[in-house]
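# Predicted structure and sequence below. I'll ask about it afterward.
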Amino acid sequence: MAAADAPETDDLLRPPQSKPEALHRLATEHKIIATYTLNERTYQQQFSDIYFLRLAKLKGAVEEIAQDAWDGISIAGEKVKKVDRVLDVRQGEVCWVTGTVYMDMPLKPNILEDISKDHWLAAPPAREKYVDPANDQTMLEDESGRIKLIGGPTVTEPLVTGCVVAVLGSEAADGSFEVVDLVYPDLAPQSPPKRAGKSKRRGPSDEGRYVAIVSGLKISGELHESLETHLLVEYLLGELTGVQDQQSASKITRLILAGNSLSDAAPLASYDDPKTKTKKYGYDSSAYNPLPITALDNLLCSLLPSISVDIMPGDTDPANVSLPQQPIHPTMFANAKAYLGSTLNCVTNPYHSEIDGVEFVGTSGQTIDDIYKYVEGDDRLGMIERTLRWRHIAPTCPDTLWSYPFQNTDPFVLERCPHVYFVGNQPRFETKVVKGRGGETCRIVAVPRFAETGEVVLVDLETLDCEVMKISVEGMERVVAE
């Protein structure tokens, strides 16, 4: 009788219907853009080429903004002039020059020092920050040389190695360049999304198409796997709770797994353990644990008949370490590989695609984690925004972040501003809308680690509004981001 007396809004206590409503998942147009795909890989070339390519690509954009900002102004009665090269700066002249920032930080890892200190029994632990204000120096360099930067803007504006900027100031008596002002390329040109509109924010029951972004599943393959992960699969399949959540799940057109789908590799057994038998030569199959990838394969097999999945590699996934990480090989998924080319897409990190005319760019988090070490504070959303304004999503490559030694182009330069820019495996969910000088608009999202927070990010393809759903054993709640 309790079910009959229950209110109509309570789906779980509603009597069964004779003809349940048939729900179909909404479809979208999807195109993977091969910006970060490496067709051939050779490591004979030097890494220095990537810096010259970056400066050549971004110098024109920076100089255009600097010209607008500083053309015709005078400082202390002296008219500001442009200098083409760093080494053309003259003492006492007020000028501006464009170049690439280099952060000389003693606490940064140095491979030459690591090799020279061969008496270490083990490598030193990784530092959380490289920042040492007393000893750090900011440099500006181009093809001609390098000059030290001093002054307020170099202290107040967080800078990292590899970003291209223009600085205004004059050379001091000691040969350093005292900076008065600083500009960077700002957001790249953008074409409007085909489906974007100005409609008001909608609730989950209203019409709309969503893309779900999840990072940091950290699947270990253990018997007692995370219950939140199973609840996530059931929700995406429409098998969780009542009709309202089923209708909401049917509007999720695609799932993006933004790296670290597998947990960290478990340490090998100690050699001192008499029960451990190691193989002296060749591949030791006993050292490989197949449970995590098998569990991920099973999870994908549950999802793929119902929803399209783009899976990106992360730093704990079986892929190359250097950026851009190439797709996880489909043969890793013994069963899910049958869906390759239909609902399964193994994609690169960084990720670049177009979904219903909305351009997505995203990373699995290594880029922002590395920038975090260069600057004080923990404003990760601000760091994500700065990479947009620098027009470069991985400026610290290849200085402190492994990268392929490109010779002909720097693919990490943003030639077009995306409509959605996400970064996975962050400590907490954050989002905001970034606006550029030319009217460009980009939704930036910090996607939290699902294994720690149980949070899933949903992006509305029409309004570009962003929601986060929290899945936990105690219950589920949905919070709309401002």
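Received it, and whenever you're ready, just let me know what you need.
# all helices for the stretch 251-400 of the chain, in order.
Assigned by DSSP state H, counting those that start in this stretch, the stretch 251-400 of the chain shows helices spanning 291-303, 366-374, 380-389.
# Nearest to E78, out of those helices?
Taking Cβ to Cβ, helix 380-389 is the member of the helices of the stretch 251-400 of the chain nearest to E78, at 29.4 Å. In short, each C-beta sits where N, CA and C put it, glycine included.
# Show me which positions of that closest one end up buried.
By 16 or more other Cβ atoms under 10 Å, the buried positions in helix 380-389 come out as 380-381, 383-389.
# Dump the C-alpha coordinates for stretch 144-152 into CSV.
Taking Å, rounded to 0.1, in the frame of the first residue of the first chain, the C-alpha atoms of stretch 144-152 are listed here in CSV:
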residue,chain,number,x,y,z
SER,A,144,70.3,36.4,-30.6
GLY,A,145,70.8,36.0,-26.9
ARG,A,146,69.4,36.3,-23.4
ILE,A,147,68.8,39.1,-21.0
LYS,A,148,67.8,39.1,-17.3
LEU,A,149,64.5,40.7,-16.4
ILE,A,150,63.9,42.6,-13.1
GLY,A,151,61.0,44.8,-11.9
GLY,A,152,57.5,44.6,-10.6
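# Contacts made by that stretch with the rest, please.
85-89, 99, 102, 137-141, 167, 169, 171-172, 175-180 (Cβ atoms under 8 Å, 6 or more residues apart in numbering).
# repeat for stretch 356-363
28-30, 193-196, 209, 211, 213, 253, 256, 258-259, 312, 349-354, 393-394, 414, 416, 418-424, 461, 464.
# Quick one: mean pLDDT over stretch 416-434.
The average pLDDT for stretch 416-434 rounds to 97.
# ugh, wrong one, I meant stretch 167-178
Stretch 167-178 comes out at a mean pLDDT of 92.
# what packs against the one helix or strand V447 maps to?
Using DSSP states H and E, V447 sits in strand 441-448. Using 3 or more Cβ pairs under 8 Å, 6 or more residues apart in numbering; DSSP states H and E, the elements in contact with strand 441-448 are strand 210-214, helix 380-389, strand 420-426, strand 430-435, strand 455-460.
# give me that answer again for 6 Å
Counting contacts by 3 or more Cβ pairs under 6 Å, 6 or more residues apart in numbering; DSSP states H and E, strand 441-448 packs against helix 380-389, strand 420-426, strand 430-435, strand 455-460.
# can you list these in JSON lines and add distance to E78?
Shown next, in JSON lines, are the helices and strands packed on strand 441-448 (distance: least, Cβ to Cβ, whole Å):
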{"stretch": "helix 380-389", "distance to E78": "29"}
{"stretch": "strand 420-426", "distance to E78": "41"}
{"stretch": "strand 430-435", "distance to E78": "34"}
{"stretch": "strand 455-460", "distance to E78": "50"}
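# Please name whichever of those is nearest to D245.
Between the helices and strands packed on strand 441-448, strand 455-460 lies closest to D245; by Cβ to Cβ that is 12.5 Å.
# Skip ahead from the closest one and say which helix or strand is next.
Criterion used, DSSP H and E; the element after strand 455-460 is strand 466-471.
# Quick one, grab the pLDDT at D315.
So D315 comes in at 93 (pLDDT).
# count of residues packed around it?
17 (other Cβ atoms under 10 Å).
# Could you list everything R449 pairs with in the sheet?
Judged by DSSP bridges, the bridge partners of R449 are S215.
# Report how many residues lie close to it.
So R449, with other Cβ under 10 Å, has 22 neighbours.
# What pLDDT is listed against it?
pLDDT, R449: 97.
# Kindly report the same for the one 10 residues further on.
V459 is assigned a predicted lDDT (pLDDT) of 97.
# For it, give me its contacts.
Shown in contact with V459 (Cβ atoms under 6 Å, 6 or more residues apart in numbering): 211, 420, 466.
# And L323, by the same measure?
Per Cβ under 6 Å, 6+ apart, neighbours of L323: 394, 397, 403.
# between those, which has the most around it?
The most crowded member of the contacts of L323, judged by other Cβ under 10 Å, is C397 (26 neighbours).
# for the residue nearest to it when sequence neighbours are not counted, which residues make a bridge with it?
Nearest residue to C397 in three dimensions, chain neighbours excluded: S403, at 3.5 Å (Cβ to Cβ, 6 or more residues apart in numbering). Residues in a beta bridge with S403, per DSSP bridges, are L323.
# Okay, S403 and H392: tell me how far apart.
Distance check for S403 against H392: by Cβ to Cβ, to the nearest Å, it reads 12 Å.
# again, but for T367
Counting by Cβ to Cβ, the gap from T367 to H392 is 9 Å.
# ok so, going back, ok, of the contacts of stretch 144-152, which come out buried?
The buried subset of those (16+ other Cβ under 10 Å) comprises 86, 89, 99, 102, 138-140, 167, 169, 171, 176-180.
# Which ones among those residues map onto strands?
99, 102, 138-140, 167, 169, 171, 177-180 (DSSP state E).
# now for those residues, which pair is the farthest apart?
Using Cβ to Cβ for every pair in those, the one that comes out farthest apart is Y102 and V180, at 20.3 Å.
# can you give me the strands in the stretch 251-400 of the chain?
252-258, 308-312, 344-346, 351-355, 358-363 (DSSP state E, counting those that start in this stretch).
# Which strands or helices does the shortest one pack on?
What that stands for is strand 344-346. So strand 344-346, by 3+ Cβ pairs under 6 Å, 6+ apart, packs with strand 308-312.
# Please name the strands paired to the strand it packs on in the sheet, noting orientation.
Strand 308-312 pairs in its sheet with strand 252-258 (parallel), strand 344-346 (parallel), by DSSP bridges.
# Touching it from outside, list them.
254-259, 303, 343-347, 349, 351, 364.
# Identify each buried residue in whichever strand or helix holds V97, please.
Using DSSP H and E, V97 sits within strand 95-104. Using 16+ other Cβ under 10 Å as the test for burial, strand 95-104 gives 95-103.
# what do you get for stretch 211-231?
Neighbour count says stretch 211-231 has 211-221, 225-226, 228-229, 231 buried, by 16+ other Cβ under 10 Å.
# how about it as CSV, C-alpha atoms only?
The C-alpha coordinates for stretch 211-231 follow below in CSV (Å, rounded to 0.1, in the frame of the first residue of the first chain):
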residue,chain,number,x,y,z
VAL,A,211,29.3,15.6,-22.7
ALA,A,212,30.5,13.9,-19.5
ILE,A,213,34.2,14.3,-18.5
VAL,A,214,35.7,11.9,-16.0
SER,A,215,39.3,11.7,-14.9
GLY,A,216,41.3,9.7,-12.4
LEU,A,217,39.2,6.5,-12.2
LYS,A,218,42.3,4.8,-10.8
ILE,A,219,41.0,1.3,-11.5
SER,A,220,43.1,-1.3,-9.6
GLY,A,221,41.3,-4.5,-10.5
GLU,A,222,41.0,-5.5,-6.9
LEU,A,223,38.1,-7.5,-5.7
HIS,A,224,36.7,-4.6,-3.7
GLU,A,225,36.8,-2.0,-6.5
SER,A,226,35.4,1.4,-5.9
LEU,A,227,31.6,1.3,-5.5
GLU,A,228,31.4,4.8,-6.9
THR,A,229,32.9,3.5,-10.2
HIS,A,230,30.1,0.9,-10.4
LEU,A,231,27.5,3.6,-9.6
